[in-house]
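Engineer: Pasted the sequence and its predicted model underneath.
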Amino acid sequence: QVQLVESGGGLVQAGGSLRLSCVASGRAFSSYSMAWFRQAPGKEREWVSAINGGSGNTYYSDSVKGRFTISRDNAKNTVYLQMNSLKPEDTAVYYCAADLDDVTNSFVYWGQGTQVTVSS
């Protein structure tokens with residue numbers, strides 16, 4: 001069982017920056033693919049970014065490419081999402097996810113989420 005705890009959300013003005021963190025329990029963290037998702041009020045959950053466990057390759061949705069950066073520190077069991085040039089449409093609850101199941105193509109473990117609000 002893996003527990004994920006997100007932090008770093010808050011209220012920021014448009015154009016500002018935030019860094020989200022997600023700390024994972026367990027000793028297999030370095031092998032897990034990790035991802036960030038978000039869900040805005042009244043909308044479906046949306047994939048934002050992912051980072052592989054082995055290669056460390058990173059992936060981004062078109063809506064955040066060039067503004068957000070995902071990274072991980074395996075020594076700290078932590079994945080980060082640096083968010084720059086924030087826009088009001090980035091307002092959402094951001095969720096951390098771990099361990100991509102290759103069969104179902106879905107993540108096994110989820111955090112509780114952290115709220116990000118971007119004011120115009």
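Structural biologist: Right, received. Where do you want to start?
Engineer: can you give me the strands for the protein?
Structural biologist: 4-7, 10-13, 18-24, 34-39, 46-51, 58-60, 68-73, 78-83, 92-101, 106-110, 114-119 (DSSP state E).
Engineer: Using JSON lines, lay out these together with mean pLDDT and mean neighbour count.
Structural biologist: For glycine as for every other residue, the C-beta is placed from the backbone atoms N, C-alpha and C. What follows is these, written out as JSON lines (pLDDT from 0 to 100; neighbours: other Cβ atoms under 10 Å):
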{"stretch": "strand 4-7", "mean pLDDT": "97", "mean neighbour count": "18"}
{"stretch": "strand 10-13", "mean pLDDT": "98", "mean neighbour count": "13"}
{"stretch": "strand 18-24", "mean pLDDT": "98", "mean neighbour count": "20"}
{"stretch": "strand 34-39", "mean pLDDT": "98", "mean neighbour count": "23"}
{"stretch": "strand 46-51", "mean pLDDT": "97", "mean neighbour count": "19"}
{"stretch": "strand 58-60", "mean pLDDT": "97", "mean neighbour count": "15"}
{"stretch": "strand 68-73", "mean pLDDT": "97", "mean neighbour count": "18"}
{"stretch": "strand 78-83", "mean pLDDT": "98", "mean neighbour count": "22"}
{"stretch": "strand 92-101", "mean pLDDT": "95", "mean neighbour count": "21"}
{"stretch": "strand 106-110", "mean pLDDT": "93", "mean neighbour count": "16"}
{"stretch": "strand 114-119", "mean pLDDT": "98", "mean neighbour count": "17"}
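Engineer: For the residue sitting nearest the centre point of the chain, give me its contacts.
Structural biologist: In the chain, the C-alpha nearest the mean C-alpha coordinate belongs to Trp36, at 2.4 Å (Cα atoms, centre = their mean). Counting by Cβ atoms under 8 Å, 6 or more residues apart in numbering, Trp36 touches 20, 22, 48-50, 70, 79, 81, 94-97.
Engineer: Go through those and name the one nearest Lys87.
Structural biologist: Val48 (13.2 Å; Cβ to Cβ).
Engineer: residue contacts, that closest one?
Structural biologist: 35-38, 60-61, 63-64, 68, 81, 94.
Engineer: which residues touch Cys96?
Structural biologist: Contacts of Cys96 (Cβ under 8 Å, 6+ apart): 4, 6, 20, 22, 24, 34-36, 79, 110-111.
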